[in-house]
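**Q** Provide a 3D model corresponding to the input given below.
(2 chains)
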There are 2 protein chains.
Amino acid sequence: MKLYTYWRSLATLRVRIAMNLKGISADTEIVDLQAGHQRKPEFHAVNPQMVVPALVLDDGGPILFQSMAILEYLEETHPAPALLPKDPRGRARVRGISQITVADTHPLVVPRIREYILKDLKLDEATLAAWIKHWTTAGMRAVEENLAGIPQTGVYCHGDSVTLADVCTVAQAIGYQLFGNDLGQFPTVKRIFDTCMAQQAFASAHPAKQPDAPKK
Amino acid sequence: MKLYTYWRSLATLRVRIAMNLKGISADTEIVDLQAGHQRKPEFHAVNPQMVVPALVLDDGGPILFQSMAILEYLEETHPAPALLPKDPRGRARVRGISQITVADTHPLVVPRIREYILKDLKLDEATLAAWIKHWTTAGMRAVEENLAGIPQTGVYCHGDSVTLADVCTVAQAIGYQLFGNDLGQFPTVKRIFDTCMAQQAFASAHPAKQPDAPKK
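**A** Have a look, this model is predicted:
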């Protein structure tokens, strides 16, 4: 399989973590989002939505797109280790926590939104920074409030094994820090983040560790 | 069970359609998003993210939140009629099409974003309208391009039975029209929309049919 990726993409980061956890390897093809290569006709033909991640399987069928759909696919086809609990109620909680990030937080700060705010709305960098801080903080707070003091929270977001909720929350927490924010105000997220980042599957997926990340 | 709802909420609309399709009934409690009642302490205690839908089950456990997590829960606990195909590849396509709306389109135009654009960014109604039109059109185009001419597309978004992709796409299409846009530029979405809206499960879930919708 081949994963279309970009070092800074937090949505692709989720997929990288899950593949690491499940021991799945894939070829990669880099789509430089900052250079606008996602809008090239070649990539539009791969993924009409012109975003990463996109996953091409070896069977020649249509590509897989949208990180949550890819994560669920990996879970169904590579069930060990399980990243969703067995009970529907627990699965709903894990998916709900994941979606706070995937649906309601991260899409507000992706490159196309940042470009629109600067170029179409003609707002300045400070206003953009305030926008990013506002929405990423609101999302992180919603995750924290769904974790802190809730009996289902354990070593990880849900119980004592890693789930998709950790995958999505840790990826977002990495982005939160890359945007210059402090995770310390969300102690439960911070505790789980530290626990996860001590593990190779999470640490090696970090944007700064990717081959297309800038050297400095 | 009790569903926290608001007539205009497109995320709650998805859940209403799925419950109708599966014959699930629930009590409802209205959260007036336009009056800001989602920020009341009583509702914050129900759903810390302060958004609808939220679903309370009768077992006293924690609430279910995030529409996609609720839809997956309903699918797992009320499997007939199935709203996801059986094969992982098909499930990924259905979830991917759903997430284009759920993750990358609708969250850009929800009340809290519209309020921020008007009150915090101090932009005018015309600029807000252009923002809404831009992102909802981009999302609808991405769905259309994932449907038109693709062999897996049938009477519905995926094959010849209703899936979560139809639930999410139809809900978004209703919103697209409510925002004053024309669906005609997306012929495959339009065809599927018309097919679905001829059915009671979809038609009766329409925002204008809800008891808290304004009478006019």
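**Q** A:P207 versus A:P214, what's the distance?
**A** 10 Å (Cβ to Cβ, to the nearest Å). Backbone N, C-alpha and C define where each C-beta goes, glycine included.
**Q** higher neighbour count, these two?
**A** For A:P214 and A:P207, the more surrounded residue by other Cβ atoms under 10 Å in any protein chain shown is A:P207, and the numbers stand at 19 against 7.
**Q** isn't the more buried one up against A:T5?
**A** No - counting by Cβ atoms under 8 Å, A:P207 does not reach A:T5; the two are 10.3 Å apart.
**Q** and the most far-flung residue of chain A relative to its centre, what pLDDT?
**A** The C-alpha centroid of chain A is most remote from A:K122, which lies 28.1 Å away (Cα atoms, centre = their mean). A:K122 carries a pLDDT score of 98 in this model.
**Q** how far away is it from chain B?
**A** For A:K122, the distance to chain B (Cβ to the nearest Cβ, to the nearest Å) stands at 10 Å.
**Q** how near is that residue to B:H206?
**A** For A:K122 relative to B:H206 (Cβ to Cβ), the value is 37 Å.
**Q** again with A:V15
**A** With Cβ to Cβ as the criterion, A:V15 and B:H206 are 36 Å apart.
**Q** could you check which of those two has the larger neighbour count?
**A** Taking neighbours as other Cβ under 10 Å, A:V15 and B:H206 compare with A:V15 leading, 28 against 18.
**Q** mind giving me the domain ranges of chain A?
**A** A:2-81, A:88-203 (automatic domain parsing).
**Q** so where's the longest helix in chain A?
**A** helix A:125-147 (DSSP state H).
**Q** about what we covered before: so what's the backbone phi/psi at the residue farthest from the centre of chain A?
**A** phi 60, psi 40 (degrees, to the nearest 10).
**Q** distance of it from B:P41?
**A** Counting by Cβ to Cβ, the gap from A:K122 to B:P41 is 38 Å.
**Q** and stretch A:129-144, how far out from the chain's middle?
**A** 15 Å (Cα atoms, centre = their mean, to the nearest Å).
**Q** how about stretch A:67-83?
**A** The mean C-alpha position of stretch A:67-83 is separated from the chain mean by 14 Å, Cα atoms, centre = their mean.
**Q** which parts of that stretch are buried?
**A** Residues of stretch A:67-83 classed as buried: A:S67, A:M68, A:A69, A:I70, A:L71, A:E72, A:Y73, A:L74, A:E75, A:H78, A:L83 (neighbour count, 16 or more other Cβ atoms under 10 Å in any protein chain shown).
**Q** now do stretch A:206-216
**A** A:H206, A:P207, A:Q210.
**Q** let's see which of these end up in helices.
**A** Per DSSP H, the subset of the buried residues of stretch A:206-216 in helices is empty.
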